[in-house]
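1. Make a model of this:
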Amino acid sequence: MLVAGSLYVFALYAPSFTGRLGYTQTQTSMIAVIGDIGLYGIGPVSGMMADRLGPRPTSLVAGSLLGIGYGLLSTGYSIGLDQVRANEPPIHFLWMAFFLFLAGMGSSASYMAAFTTLARNFTESRGIALGIPVSFFGLSAAFLTSISQSFFMTQFPDTHGQLELDTVRFLLFLGASGGLANLISVVGLNLLQQPQQSPHEQHDSTKKSLVDPDLEAEENSASGLDRPASRSNANEYTPLLREDTLTGSIAESTTRSEPSIRTATTLEPSSPSSASFPAETATTTTALPSRQERVSVSGKAFFKDRDAQYFFVVMFCLTGSGLMIINSISAIVDSIAAGEQLPEWMAPRVKDDRDSLAAIRAHQVLLISISSYMGRLVSGFGSDYMIRRHDGRFHRIDVVPMAAMVMACAQLAALVVPLRWIEVCSVLTGFAYGGFFGIAGTIVAEFWGEETCGQNWGWLSWSSAFGGMLFNLLFGIVMDSSRQDGDSKTCRGHGCYGWALGVSLVACLLSWVLSIHLGRRQRRREASMF
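-> Numbering: from 1, shown residues only. I've put the predicted structure just below:
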């Protein structure tokens, strides 16, 4: 996880593409977009690979792609520099985009290998089990930024003594570290065998599943038990597929939006990923479905699921807005700095090379990464705590509106804050982005099943790819069109990107509304079940 998030440091070397190779902001944004497509868009493939082949082959592929992708990107940048020095056009930006796409695919495969391993091995308290390791995915940018500032800053003849990132060597380091880490993880990643029930336990659980529902309700009422509350409570922090459910009566539901009572007969594996569930023949019985009692949803049924469609739009708006700031924070810093006089506390340090614009950019990347790490931890721990504390009244999906509102505040901050307060935008962006991804994978596993969570999460990742593509391209186009001088490489002031941030602000508000609606749909569904 610590090296899988290397694409989040794109903002560190993006200024080298515009300043050294002469790419426009739109071209640089396109490179970031295609890299994000590799990270998120290839998710279905890497997810199915992790589900069917296991984490070890997936991690091996990830290491190879990371090494090749970043190695070619470093070579392409070096060739481009030589071409610019010879007064020739640099390497075409689409080649650079393709190289970053390979690295993005490697990051996706690396993430999926770890994610599916965690989702299958830890079925209880998933918010913590997934939140802690996944949080390192967000922290990777801080880790890599610190390394870049310590070992890869150098002086060039035309920088007037100011330190600048050695992009060639840094990209080589990203490829080598990513490849090596994944090769090492091939040895450590493994799916644990879940404990099996004894024949006596299976017989007892089968007898329990055949109890008359009316008689069982009377017994619960007589003993003072609140059956609906206990069932609702189990939806969030107990295993999705309980052992007594697998060995007893299994209630299936072909659609989640219209829960109904089905008669449990013979269960057939619905996909290769669910083939580990043996077919069970039970006496005809009626059972009320709940999320953990249903076979994992995937394929056509997943695409037709209304909640999956809503969640896709939420991810599109929320993550697209976040990726726009994450990939373009350096351009935002340069624009604000060019449009205002540097404050007194900053000016002398810029002259002394202790706080150059390159260092300010790196500081923002560091803040985004650390706050993303904190957001993932808070959402993972917090959702588990709130679910236990409020006993069915709080659902994990309730975290998403909070993340959407924080992201909206980040967009607003980028529109108005001066350079001295740009950290507010960075911290809010990272916290909202990490907070969402800290529980998004868990929501997918709980809503649509753990056995196919890899491929389902992969399909949903397309929303992040599309969102990042739209908002990053919008940012680049708006910024290039706002340049006052066609020969100038820097646009001045907040107005350079104002329209792009305005659109992303509206998108964040839309994701806030839809995520609240998703939470209400879940509550209505549970109320109708009981």
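2. okay but Arg376 is in contact with Gly438, surely?
-> Yes. Using C-beta atoms under 8 Å, Arg376 is in contact with Gly438, at 3.4 Å. The way it works is simple: take the backbone N, C-alpha and C, and place the C-beta from them, glycine included.
3. Pro89 falls within a helix, correct?
-> No. Pro89: not assigned to a helix; according to DSSP: H, G, I helix; E, B strand; the rest coil it is coil.
4. What's the local residue count around it?
-> 10 (other C-beta atoms under 10 Å).
5. Please list all residues in contact with it.
-> Gln83 (C-beta atoms under 8 Å, 6 or more residues apart in numbering).
6. now with 6 Å?
-> Residues near Pro89 by C-beta atoms under 6 Å, 6 or more residues apart in numbering: none.
7. how deep is the closest residue to Val297 other than its chain neighbours tucked in, by neighbour count?
-> Using C-beta to C-beta, 6 or more residues apart in numbering and skipping the chain neighbours, the partner closest in space to Val297 is Trp448 (4.4 Å). Residues contacting Trp448 under the criterion other C-beta under 10 Å number 27.
8. What of Pro157?
-> Other residues close to Pro157 by other C-beta under 10 Å number 6.
9. pLDDT at it, what is it?
-> You'll see Pro157 listed with a pLDDT of 72.
10. Equivalent analysis for Ser185, please.
-> pLDDT, Ser185: 81.
11. so where's the stretch 201-350 of the chain shaky on pLDDT?
-> For the stretch 201-350 of the chain, the stretches flagged by pLDDT under 70 are 201-295, 341-350.
12. Any buried residues in whichever helix or strand Ala507 is part of, and which?
-> For Ala507, the host element (DSSP states H and E) is helix 498-529. For helix 498-529, the neighbour count (16 or more other C-beta atoms under 10 Å) marks 498-501, 503-505, 507-512, 514-515, 518-519, 521-523, 525-526, 529 as buried.
13. any idea what sits nearest Val406, other than its immediate chain neighbours?
-> In space, Val406 is closest to Ala432, 3.9 Å off (C-beta to C-beta, 6+ apart).
14. Name the next helix or strand downstream of the one helix or strand the one you found maps to, please.
-> Using DSSP H and E, Ala432 sits within helix 422-448. The helix or strand immediately downstream of helix 422-448 is helix 453-481, counting by DSSP H and E.
15. Average pLDDT for that next one, rounded please.
-> pLDDT averaged over helix 453-481 gives 87.
16. Repeat that for stretch 76-92.
-> 94.
17. got the end-to-end distance for it?
-> From its first residue to its last, stretch 76-92 covers 9 Å (C-alpha to C-alpha, to the nearest Å).
18. Could you do stretch 83-94 as well?
-> 16 Å.
19. what's the spacing between that stretch and its chain's center?
-> Counting by C-alpha atoms, centre = their mean, to the nearest Å, stretch 83-94 is centred 34 Å from the centre of its parent chain.
20. Would you mark the buried spots in it?
-> Applying 16+ other C-beta under 10 Å to stretch 83-94 flags 90-91, 93 as buried.
21. Next, format those as a markdown table and append distance to Glu423.
-> A markdown table is the format used below for the buried residues of stretch 83-94 (distance: C-beta to C-beta, whole Å):
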| residue | distance to Glu423 |
| --- | --- |
| Pro90 | 33 |
| Ile91 | 35 |
| Phe93 | 30 |
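22. Burial check on Leu412, number of neighbours?
-> Residues lying near Leu412 (other C-beta under 10 Å) number 17.
23. Equivalent analysis for the one 3 residues further on, please.
-> Residue crowding around Leu415 was assessed by other C-beta under 10 Å; the count is 17.
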